[in-house]
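Asker: Give me the fold of what follows.
(chains A, B, C and D)
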Number of protein chains: 2
Amino acid sequence: MNQSKTPPHIPTQARTRIQRRNHSAILNAALDVFSAKGFRGATVDEIAQAAGLSKPNLLYYFPSKEAIHLQLLSGLLDVWLAPLRDLDPEGDPIPEILTYVRRKLQMSREMPRESRIFANEILQGGTHLGDTLTTALKPLVDEKAAVVARWRDTGRIADVHPYHLIFSIWSLTQHYADFDVQVRTVLGDEGADPYPEAERYLETLFTRMLTP
Amino acid sequence: MNQSKTPPHIPTQARTRIQRRNHSAILNAALDVFSAKGFRGATVDEIAQAAGLSKPNLLYYFPSKEAIHLQLLSGLLDVWLAPLRDLDPEGDPIPEILTYVRRKLQMSREMPRESRIFANEILQGGTHLGDTLTTALKPLVDEKAAVVARWRDTGRIADVHPYHLIFSIWSLTQHYADFDVQVRTVLGDEGADPYPEAERYLETLFTRMLTP
DNA sequence: GTCTATATAGTGATAGAC
DNA sequence: GTCTATCACTATATAGAC
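Answerer: The predicted model follows:
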């Protein structure tokens, strides 16, 4: 109904198994390259090679470099915001927040590429995100900040600024992915994995901050 | 003694007043552009225009785009690390650390371009910094982490991991410069300036974290 | 669907007049 | 010292054969 005339560019769902495989291979390769080099630093050729395709073949699946980047970002956003979305207003406040911290830290560890691609994007003004920040991010943060404010106003956690609390969780957890090189250099090569200590540190930090 | 044969490229000190003015105009323009677009995203042409010069004229002052970037980074490093360098082992621990936090936050506010250019650099693996991280940054952090460890071991501050304490100060303060767009979007346009609240929040956070 | 070849535009850097 | 003109190279994207 909407193909065979305009060049393919696989609308939403790829048809064949090969198409699906290539499609996701491209997105995975793009995640590698964009997160390591930024949008401008990445080349279509490099992404194509990483995906095991030729450059024109890649551009058969996506109309442009920008389109790959865009689909990548919007596809990732849901995953990225899931831990905050799961913050439960009915839960026990401090454990609930500590769980959020732990999950975010775990995501930094297991999905550093995703963290860096968002960091790159925000750092350069968020131009590729369009109004996603206002339409998807802000409402969610507003909602959860209200939850935190309620916990604070009923004395279940100490007096904190809800928004800055959330900023601090983002910043502290994503730091270990985004500035990984710096962290590892400063810690030296002996203490290979910084995450166990980081988790202990952040648990202590937020426990002391939030206990009434 | 070392000019007039090899093309100029102003060795260390520019001679005439005009040269000095152009030289620093270029560095200032480059700071604007590099911090906003990253190294690859920046173009020599854009930097030249921002400095009020033609592209070839800019390349009369610096041999290459990379040379500008390099001089910028190394020139900025000292300024950037000054607050940590000033952390006084003889001072009163908690006020001393809070002063460090406040100065870093103030730098994020007043020098967001510098913060972003370093963030961009580390985020992409720190390739342009060469071994600066190991030769300049690591020794300083080691020294100051030892100071913090001493304070902790003598019971003057609570039990904290010295290196992760320093990481947390970097991450929390620089977040307001590096992710400025996100912060402002989430907070909405009403509460224009996030810094006063941020300062209060961080003072509380570190006071609660460090009080024995 | 995938390739080779190529059009087209940008970008770092240089040559040479003034 | 500064400019115009231009080179050499890279990179996005397309045309067209298979």
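
Asker: thought A:Y176 was touching A:A198?
Answerer: Yes: the pair formed by A:Y176 and A:A198 meets the contact definition of CB atoms under 8 Å, at 5.6 Å. Heads up, the C-betas are built off the backbone N, CA and C, glycines and all.

Asker: which residues do the two both contact?
Answerer: With contacts defined as CB atoms under 8 Å, 6 or more residues apart in numbering or on different chains, the residues adjacent to both A:Y176 and A:A198 are A:L105, B:F167.

Asker: same question for stretch A:75-94, mean pLDDT?
Answerer: What stretch A:75-94 shows for mean pLDDT is 98.

Asker: who's in contact with the spatially closest residue to A:L70 that is not a sequence neighbour?
Answerer: Counting by CB to CB, 6 or more residues apart in numbering or on different chains, A:H128 is the residue found nearest to A:L70 once chain neighbours are left out, at 6.5 Å. Contacts were defined as CB under 8 Å, 6+ apart; by that measure A:H128 touches A:F39, A:E66, A:H69, A:L70, A:L73, A:E121.

Asker: who's in contact with the worst-scoring helix or strand of chain A on mean pLDDT?
Answerer: Within chain A, no helix or strand scores below helix A:132, which has a mean of 94 by mean pLDDT, DSSP states H and E. Taking CB under 8 Å, 6+ apart as the criterion, the residues outside helix A:132 that touch it are A:L73, A:S74, A:L77.

Asker: Just to check, the last one is in contact with A:A136?
Answerer: What it means is A:L77. Yes: under the criterion of CB under 8 Å, A:L77 is in contact with A:A136, at a separation of 6.2 Å.

Asker: Pick out the most distant pair among the contacts of A:H128.
Answerer: A:E66 and A:E121 (12.6 Å; CB to CB).

Asker: So the two - more neighbours on which side?
Answerer: Between A:E66 and A:E121, counted using other CB atoms under 10 Å in any protein chain shown, A:E121 has the larger neighbour count: 22 against 11.

Asker: Check the secondary structure at the more buried one for me.
Answerer: Assigned state for A:E121: helix (three-state reduction, DSSP: H, G, I helix; E, B strand; the rest coil).

Asker: domain ranges for chain A?
Answerer: Listed by automatic domain parsing, the domain ranges of chain A are A:17-63, A:73-210.

Asker: is any part of the shortest one close to DNA strand C?
Answerer: Right, domain A:17-63. Yes: using CB under 7 Å from any atom of the strand, we find that domain A:17-63 touches DNA strand C at A:I18, A:Q19, A:N22, A:L53, A:S54, A:K55, A:P56, A:N57, A:Y60.

Asker: And the pLDDT for A:S4?
Answerer: 35.

Asker: try A:P11
Answerer: Looking at A:P11, its pLDDT stands at 52.

Asker: ok, now the one 4 residues further on?
Answerer: According to the model's per-residue confidence, A:R15 sits at a pLDDT of 72.

Asker: and it, how many neighbours?
Answerer: A:R15 is surrounded by 11 other residues when neighbours are defined as other CB under 10 Å.

Asker: three-state assignment of it?
Answerer: A:R15, by the three-state scheme (three-state DSSP), is coil.

Asker: circling back: of the domains of chain A, which is nearest DNA strand D?
Answerer: Of all the domains of chain A, the one in closest proximity to DNA strand D, counting by CB to the nearest atom of the strand, is domain A:17-63 (3.5 Å).

Asker: so, in contact with DNA strand D or not, the closest one?
Answerer: Yes: using CB under 7 Å from any atom of the strand, we find that domain A:17-63 touches DNA strand D at A:A42, A:T43, A:V44, A:D45, A:K55, A:P56, A:L59, A:P63.

Asker: Which residue is the nearest non-sequential neighbour of the second one?
Answerer: Here the nearest residue to A:T43 in space, its sequence neighbours aside, is A:V33; by CB to CB, 6+ apart that works out to 7.8 Å.

Asker: Show me which positions of the helix or strand where the one you found lies end up buried.
Answerer: When elements are assigned from DSSP states H and E, A:V33 belongs to helix A:17-41. With burial defined by 16 or more other CB atoms under 10 Å in any protein chain shown, the residues of helix A:17-41 counted as buried are A:22-23, A:25-27, A:29-41.

Asker: ok, then the element right after it?
Answerer: Read in the C-terminal direction, the helix or strand following helix A:17-41 is helix A:44-51, with elements assigned using DSSP H and E.

Asker: by how many degrees do that following helix and helix A:17-41 diverge?
Answerer: If you take axes from the mean of the first three to the mean of the last three CA atoms, to 10 degrees, helix A:44-51 sits at 140 degrees to helix A:17-41.

Asker: end-to-end on stretch A:78-91?
Answerer: 22 Å (CA to CA, to the nearest Å).

Asker: next one: stretch A:158-167
Answerer: Distance between the boundary residues of stretch A:158-167 (CA to CA) amounts to 17 Å.

Asker: contact partners of it?
Answerer: Contacts to stretch A:158-167, defined as CB under 8 Å, 6+ apart, come from residues A:84, A:97, A:141, A:144-146, A:148-149, A:152, A:209-212, B:175-176, B:183, B:186-187, B:197-198, B:200-201, B:204, B:208.

Asker: What subset of those is buried?
Answerer: Among the contacts of stretch A:158-167, those classed as buried by 16+ other CB under 10 Å are A:84, A:97, A:141, A:144-145, A:148-149, A:152, A:209-210, B:175-176, B:183, B:186-187, B:198, B:201, B:204, B:208.
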